[in-house]
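Participant: sharing a sequence plus its predicted fold:
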Amino acid sequence: MKKILFYLLVGSSFIAQSCINDNEDPVAVPPSQGRIVDPFIGGDTEPNQVWIDLSDVNADGDPKQTVNQRTDWDLAFYSGNDGFKVVLNSSITMAAAKIPNATDITTVKDSDLTALKAKVKVGNYNPANSIYVDDVTGNFPSGYTAIEDIKATDAENGVYLVNMGRELYVGNVALGSVSTGGAERGWMKIQVVRSGNGYKIKYGGLNDTTMKEATINKSGNYNYSFFSLKSGKEVIIQPEKNKWDISFSVFTNLIEGAGSYSYADFVLTNTMGKVGAYEVKVASGSTIEAFNKFEKTDVVDSKLVYNDQRVIGGGWREVGPSGYQVMGNVFYIIKDAEGTYYKLRFTRLTSDEGVRGHSAFQYKALK
């Protein structure tokens, strides 16, 4: 068991990950069996987050893709009426911890935080570090966040140490490998309070005594309002909450006994936008044939998962000491917010030249 865990952790490291080609040769798919989609992930540093609306297709049948760089934002402020939450950008391995006994953000200084900084990290293989990242299921607003729920009384909201994660990697990546983390982005201290039906944030460097401030309003058409601590500006990241179904991104996940780690090639479902999904495992025979024959009458609604955004996750490809490859025996059923069902399977992990960050999938609406 320890050897298996070691190999998985090494393979999941955000510094470098390797892969091998798909275990199914490319197959020509008749148009009637669905569209092949190439998400614009951006190559072997996987610089982009891609949000896909399966139902919003152009004249050629391609679904709409909304794309941003992973470093475009740092914090996501929950827009729902049933809570006040702040979520970290897990795609760049951010982490956060409440600073003990700190109430005045201006008096906090770097020298006070040496011990805490040693703990607030992703990928250090310490199971205790899971408390410094958000609920990986994405089951908000009820799920745990590293930054506690924002209270109505200002004095009850603590000061937080924020590990800003890593920049996009710049440099050459070995063919078949992936590098999801570059230079460290440093540290900040923040304090968030409510402002009407929105938020006010104070933030700055660890030794700053004059803080920057910003007000972030809730936006009811979106899951979150996004903010960049680096630029000091609100940014549009996700499409409206009912206008995307799945996303491709690097993602901070948890592994039992090893804490948080960074995972490439990760696929999330928009559970906050009422998107459900489940995996179909083909026990024997051709997965392509089973996928092609799958009809709406075969859907099992009770299997649809609405409270864990990782139903697809990394389960569509295998990981191990020998590399990475597309799983040859699974596909997925997705139900969007409008009630449309889709079948979806992955067809590629790399480009024809073997470069990572060029995944592809086939999907079709079930009618």
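Facilitator: Right, received. Where do you want to start? Numbering: from 1, shown residues only.
Participant: I'd assumed residue 139 was in contact with residue 271.
Facilitator: Yes: the criterion here is Cβ atoms under 8 Å, and residue 271 meets it with residue 139 at 7.0 Å. (Glycine included, C-beta is placed from N, CA and C.)
Participant: tell me which of the two has more neighbours.
Facilitator: residue 271 (21 against 15; other Cβ atoms under 10 Å).
Participant: low-scoring stretches of the stretch 251-367 of the chain, by residue?
Facilitator: 319-323 (pLDDT under 70).
Participant: in the stretch 1-150 of the chain, where is pLDDT below threshold?
Facilitator: Counting by pLDDT under 70, the stretch 1-150 of the chain shows low-confidence ranges at 1-32.
Participant: which stretches of it form strands?
Facilitator: Taking DSSP state E, counting those that start in this stretch to define them, one finds strands in the stretch 1-150 of the chain at 17-18, 35-37, 48-57, 63-69, 75-78, 86-88, 95-98.
Participant: which positions within the third one qualify as buried?
Facilitator: Judged by neighbour count using 16 or more other Cβ atoms under 10 Å, the buried positions of strand 48-57 are 48-55.
Participant: which residues touch it?
Facilitator: 35, 37, 39-42, 63-70, 91, 237-239, 243-249, 334, 336, 338, 340, 342, 363, 365 (Cβ atoms under 8 Å, 6 or more residues apart in numbering).
Participant: now swap in the fifth one and tell me
Facilitator: The contact list for strand 75-78, computed with Cβ under 8 Å, 6+ apart, reads 84-89, 140-141, 190, 198-199, 201, 216, 218, 223-227, 229, 237.
Participant: put the buried members of these into a PyMOL selection.
Facilitator: The PyMOL selection below is limited to those of the contacts of strand 75-78 classed as buried (16+ other Cβ under 10 Å):
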select buried, resi 84+85+86+87+88+89+140+190+199+201+216+218+223+224+225+226+227+229+237
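Participant: how close does residue 196 sit to residue 241?
Facilitator: Residue 196 sits 21 Å away from residue 241, going by Cβ to Cβ, to the nearest Å.
Participant: scratch that, residue 64
Facilitator: 15 Å.
Participant: just the endpoints, please. Distance across stretch 38-51?
Facilitator: 12 Å (Cα to Cα, to the nearest Å).
Participant: that one: how far from the chain's middle?
Facilitator: 12 Å (Cα atoms, centre = their mean, to the nearest Å).
Participant: give the residues shared as contacts by residue 271 and residue 139.
Facilitator: 307-309.
Participant: so which of those residues is the most crowded?
Facilitator: Highest neighbour count within the shared contacts of residue 271 and residue 139: residue 309, with 26 neighbours (other Cβ under 10 Å).
Participant: which non-adjacent residue is nearest that residue?
Facilitator: Leaving aside its chain neighbours, residue 309 sits nearest to residue 138 (3.7 Å; criterion: Cβ to Cβ, 6 or more residues apart in numbering).
Participant: domain parsing for the protein?
Facilitator: Domains of the chain are assigned by automatic domain parsing as 2-70+242-366, 71-235.
Participant: for the protein, which segments count as helices?
Facilitator: For the chain, the helices defined by DSSP state H occupy 2-12, 114-117, 287-293.
Participant: for beta bridges, what are the partners of the residue nearest the centre of the chain?
Facilitator: The centroid of the chain falls nearest to residue 251 when counting by Cα atoms, centre = their mean (4.0 Å). Following DSSP bridges, residue 251 is listed with bridge partners residue 263.
Participant: from residue 277, how far off is residue 185?
Facilitator: Counting by Cβ to Cβ - residue 185 and residue 277 are separated by 32 Å.
Participant: more neighbours, the two?
Facilitator: Neighbour count, other Cβ under 10 Å: between residue 185 and residue 277, residue 277 has more, with 27 against 20.
Participant: across the sheet, point out what pairs with that one.
Facilitator: With DSSP bridges as the rule, residue 277 is bridged to residue 305, residue 334.
Participant: repeat that for residue 366.
Facilitator: residue 341.
Participant: surely it and residue 336 touch.
Facilitator: No: the criterion here is Cβ under 8 Å, and residue 366 misses it with residue 336 at 11.3 Å.
Participant: give me the common contacts of the two.
Facilitator: Joint contacts of residue 366 and residue 336 (Cβ under 8 Å, 6+ apart) are residue 342.
Participant: on that earlier part again, pick out the most distant pair among the buried residues of strand 48-57.
Facilitator: Spatial extent of these (Cβ to Cβ) is set by the pair 48 and 55 at 21.5 Å.
Participant: one step back: kindly reformat the strands of the stretch 1-150 of the chain as TSV containing distance to residue 147.
Facilitator: Converted to TSV, the strands of the stretch 1-150 of the chain look like this (distance: least, Cβ to Cβ, whole Å):
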stretch	distance to residue 147
strand 17-18	29
strand 35-37	35
strand 48-57	21
strand 63-69	22
strand 75-78	8
strand 86-88	5
strand 95-98	6
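Participant: and those: which comes nearest residue 290?
Facilitator: Among these, if distance is taken as Cβ to Cβ, the winner is strand 35-37, at 17.8 Å.
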